[in-house]
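**Q** with the input below, show me the fold.
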Amino acid sequence: MSYIRVKFLPFYLLISAGCTTVTIEEVQHTEATLVEGESVVVIGRRTSNDYETEPELISCIGKVLSKGDNQLNVIPEQTFMDNLYPWFEPRTAPLRVRDLQRLLAYDAVSQKFDDFNVHYIIWIDGNTETTRSSGSITCSLGTGGIGCFGFGTWDKKAEYEASIWDYKNKKLIGKVSSEADGTSYMPAIVIPIPIIAQVQADACKGMAVQLKHFFNNSQG
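**A** Next up, the predicted model:
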């Protein structure tokens, strides 16, 4: 069966460390089926020496996928890349599903995939950046010590997209995107007190939860 499922799932995370808005979108072209013993690997896109999807984001997604309800068997990114060096380095990593055929021409590569029992490769592309900042804080040294006064804010946006490749059938089966916006605050009356929006962490959690649904809804 082949189908497309699109979901817009906005939800709001109000935490003591600030406010973050997370929106999840999913497009699924065909069913995803994992049987017992099969694995997935989550890899960040690295297209050059000066661009990479943050390793901490990839690690976060892998940890969420491998724990709790409907957990998946996740191969750690570094373990996978070390065992398949240099085929998933920026210069040699496959950019399209059909590029897998080139890699599988090497017996050592196909054997490693078999050893890990990989069924799906989840490529993550994107980053988190500061989009706006305002305000100011000044500090001075007095008889009572250092005192600060002022107020500052900064906005961050995290945008990530996961492309799910079916390694065994050599096709793209869907995508999940996660977009998180948050504002952090720094009020200062004598002592600066940062109130940080956990934008990247919330984008990770939203994407990982939806990826779990991506696989488990297909099986159910």
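
**Q** in its sheet, what does the helix or strand where residue 127 lies sit against?
**A** Following DSSP states H and E, one finds residue 127 within strand 118-142. Strand 118-142 sits in its sheet next to strand 39-44 (parallel), strand 145-166 (antiparallel), going by DSSP bridges.

**Q** show me how far that strand is from its chain's centre.
**A** The chain centre lies 14 Å from the centre of strand 118-142; the measure is Cα atoms, centre = their mean, to the nearest Å.

**Q** mind exporting the C-alpha coordinates of stretch 143-163 to PDB?
**A** Extracted in PDB, the C-alpha atoms of stretch 143-163 (Å, rounded to 0.1, in the frame of the first residue of the first chain):
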ATOM      1  CA  THR A 143      31.700  49.100  47.500                       C
ATOM      2  CA  GLY A 144      29.300  46.200  47.800                       C
ATOM      3  CA  GLY A 145      30.800  44.200  45.000                       C
ATOM      4  CA  ILE A 146      29.700  43.900  41.300                       C
ATOM      5  CA  GLY A 147      26.200  44.900  40.500                       C
ATOM      6  CA  CYS A 148      24.300  44.600  37.200                       C
ATOM      7  CA  PHE A 149      21.200  46.200  35.800                       C
ATOM      8  CA  GLY A 150      19.300  45.800  32.600                       C
ATOM      9  CA  PHE A 151      17.300  43.400  30.500                       C
ATOM     10  CA  GLY A 152      18.100  41.400  27.400                       C
ATOM     11  CA  THR A 153      16.200  39.000  25.100                       C
ATOM     12  CA  TRP A 154      17.200  36.800  22.200                       C
ATOM     13  CA  ASP A 155      15.200  34.600  19.800                       C
ATOM     14  CA  LYS A 156      16.300  31.200  18.500                       C
ATOM     15  CA  LYS A 157      14.900  29.100  15.700                       C
ATOM     16  CA  ALA A 158      15.600  25.400  15.200                       C
ATOM     17  CA  GLU A 159      14.700  23.800  11.900                       C
ATOM     18  CA  TYR A 160      15.400  20.200  11.200                       C
ATOM     19  CA  GLU A 161      14.200  17.700   8.600                       C
ATOM     20  CA  ALA A 162      14.500  13.900   8.800                       C
ATOM     21  CA  SER A 163      14.600  11.900   5.600                       C
END
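
**Q** how about it: buried residues?
**A** 148, 152, 154, 155, 156, 157, 158, 160, 161, 162, 163 (16 or more other Cβ atoms under 10 Å). C-beta here means a position set from N, CA and C on the backbone, and glycine is covered the same way.

**Q** name the next helix or strand downstream of the lowest-mean-pLDDT helix or strand in the chain, please.
**A** Lowest on mean pLDDT, DSSP states H and E among the helices and strands of the chain sits strand 2-15, with a mean of 40. Using DSSP H and E, the helix or strand that directly follows strand 2-15 along the chain is strand 18-30.

**Q** and that next one, what's its mean pLDDT?
**A** For strand 18-30, the mean pLDDT works out to 87.

**Q** which other helices and strands does the longest helix belonging to the chain contact?
**A** Counting residues, the longest helix found in the chain (DSSP state H) is helix 199-219. Under the contact definition 3 or more Cβ pairs under 8 Å, 6 or more residues apart in numbering; DSSP states H and E, helix 199-219 sits against strand 2-15, strand 18-30, helix 55-65, strand 118-142, strand 145-166, strand 171-192.
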